[in-house]
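Asker: Turn this into a model:
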Amino acid sequence: MSFALFIAGGVLLIAAIRNSQSDLFTLLQGDFTGPNNFVYWFLAILLIGAVGYIPKLKPFSVAFLVLVVLVLILARGNPNGISGGLFGQLTKQLATTQTATTTTVPIVQATPKLTLP
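Answerer: As a prediction, the model looks like this:
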């Protein structure tokens, strides 16, 4: 749990240094409100994890958590919309990376100074 708090604190610190707190909070608000929000997934994972605290039901809880993780990773989703699945979103983001542009810098060759004795 402390590891998750360190990550959250690091994200908040980086957002504060870059002065982009409003952008971060807008993104978080979009994840938890509106259509296709994250609340249903969060509640499902929380409920399955809570069932895992019952010793006899722990194997079922672990199996369902593995199933939820597999669905999150392998979901195809709507390729035209936001939920394109992990691999769809990954390839989409990799395709949008920009290549470095090279600029030509003129080479100025220095002439040596001639000194007369």
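
Asker: C-alpha from now on. contacts and neighbour counts both.
Answerer: Fine.

Asker: What is the helix or strand containing Val71 packed up against?
Answerer: Assessed by DSSP states H and E, Val71 sits inside helix 58-74. Judged by 3 or more CA pairs under 8 Å, 6 or more residues apart in numbering; DSSP states H and E, helix 58-74 is in contact with helix 39-51, helix 85-95.

Asker: a markdown table for these, including distance to Val66, mean pLDDT and mean neighbour count?
Answerer: Output for these, formatted as a markdown table (distance: least, CA to CA, whole Å; pLDDT from 0 to 100; neighbours: other CA atoms under 10 Å):
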| stretch | distance to Val66 | mean pLDDT | mean neighbour count |
| --- | --- | --- | --- |
| helix 39-51 | 10 | 87 | 14 |
| helix 85-95 | 16 | 72 | 13 |
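
Asker: Output those helices in TSV; the columns should cover distance to Ser22.
Answerer: Formatted as TSV, the helices and strands packed on helix 58-74 follow (distance: least, CA to CA, whole Å):
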stretch	distance to Ser22
helix 39-51	21
helix 85-95	23
